[in-house]
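>>> Predicted structure and sequence below. I'll ask about it afterward.
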Amino acid sequence: MPFTDILPFLRSWIRNPLRTAAILPSGSKISALMTGEIDPHRGPVLELGPGTGPFTRSLLQRGVPEANLTLVEYSSEFASLLRGRYPNARILRMDAARIGDFDLFEPGSVGAVVSGLGVLTMPPRQVKNILNGAFKYLRPGGAFYQITYGPRCPVSKKILDVLQLEESFVGKTIRNIPPASVYRIKRCFETAGLS
Ligand SMILES: C[S@@+](CC[C@H](N)C(=O)[O-])C[C@H]1O[C@@H](n2cnc3c(N)ncnc32)[C@H](O)[C@@H]1O
């Protein structure tokens with residue numbers, strides 16, 4: 001992680017610890033876990049809560065074209081930092097819970113969604129809106145990758161059941177501050193042939 005990213009991140013955490021949800025940007029191990037299954041040629045990638053962009057960097061390293069990235073970030077400071085760093089990406093300064101209210105993509109066209117949002121501290125309604133919006137755009141067989149610092153998938157079983165989604169564990173690393181895991185969320189009943 002670039003040293004220069006630490007200061008804006010700490011500033012954001014001091015201003016709004018619940019929304020920032022971590023005291024440091026993610027490191028390279030967890031970024032690789034978040035992006036390791038993403039096929040750079042399966043359509044645009046939607047990233048929610050990019051912060052200073054560690055997952056963005058990892059997506060670009062995997063070969064996702066910058067112009068195929070849409071980054072949804074609530075913080076104006078992070079959004080303008082990202083605009084300077086990734087001029088060809090689409091950067092939307094907005095609440096990720098509202099993505100479904102707009103026509104950001106053709107329905108079913110997005111290759112994958114990567115979420116650095118701190119969903120553990122969000123009200124259930126907000127989490128439900130985020131997932132509903134993301135799955136409006138996700139292609140058949142596409143997955144939503146969610147980071148967490150907790151011991152299990154941060155989206156409750158109740159929300160998953162209502163939206164007909166299922167979660168599975170991707171991996172964990174202790175080489176991150178704090179140690180973190182990644183969960184994959186997909187539509188129930190999708191056959192392997194579709195992914
Ligand atoms: C835990 S940080 C993760 C940042 C980065 N992905 C990383 O791993 O270093 C959470 C990020 O989500 C953003 N965020 C929080 N709530 C949001 C919301 N409702 N909509 C969009 N972004 C949000 C925060 O501003 C912050 O950048």
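Yep, that arrived.

>>> going forward, measure contacts and count neighbours with C-alpha atoms only.
Fine.

>>> mind checking the backbone torsions on residue 89?
phi -90, psi 160 (degrees, to the nearest 10).

>>> Which secondary structure elements does the strand ranked longest in the chain sit against?
Ordering each strand of the chain by length in residues (DSSP state E) puts strand 138-148 first. Secondary-structure packing of strand 138-148 (3 or more CA pairs under 8 Å, 6 or more residues apart in numbering; DSSP states H and E): helix 28-35, strand 110-115, strand 180-187.

>>> which other residues reach it?
For strand 138-148, contacts defined as CA atoms under 8 Å, 6 or more residues apart in numbering pick out 34, 107-118, 120, 134, 154, 180-187, 190-192, 194-195.

>>> Partner strands of that strand, with direction?
If you go by DSSP bridges, strand 138-148 pairs up with strand 110-115 (parallel), strand 180-187 (antiparallel).

>>> tell me which parts of this protein are close to the ligand?
Neighbours of the ligand within the chain, by CA under 6 Å from any ligand atom: 19-22, 25-26, 48-51, 53-54, 72-75, 94-97, 116-118.

>>> Show the buried residues in the residues you listed.
The neighbour count (16 or more other CA atoms under 10 Å) marks 19-22, 25-26, 48-51, 53-54, 72-75, 94, 96-97, 116-118 as buried among the residues of the chain next to the ligand.

>>> Inside helices: which ones of these?
In this view, these that belong to helices under DSSP state H are 19-20, 54.

>>> which residues touch the one residue sitting closest to the centre of the chain?
The chain has residue 115 as the residue nearest its centroid, 1.4 Å off, counting by CA atoms, centre = their mean. By CA under 8 Å, 6+ apart, the residues touching residue 115 are 47-50, 144-147.

>>> Same list, those, but as a markdown table with pLDDT please.
A markdown table is the format used below for these (pLDDT from 0 to 100):
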| residue | pLDDT |
| --- | --- |
| 47 | 98 |
| 48 | 98 |
| 49 | 98 |
| 50 | 98 |
| 144 | 98 |
| 145 | 98 |
| 146 | 98 |
| 147 | 98 |
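
>>> what's the most distant pair in those?
Maximum pairwise distance in the contacts of residue 115, criterion CA to CA, is 14.2 Å, between 50 and 144.

>>> Endpoint to endpoint, stretch 42-58 covers what distance?
In stretch 42-58, first residue to last residue: 16 Å (CA to CA, to the nearest Å).
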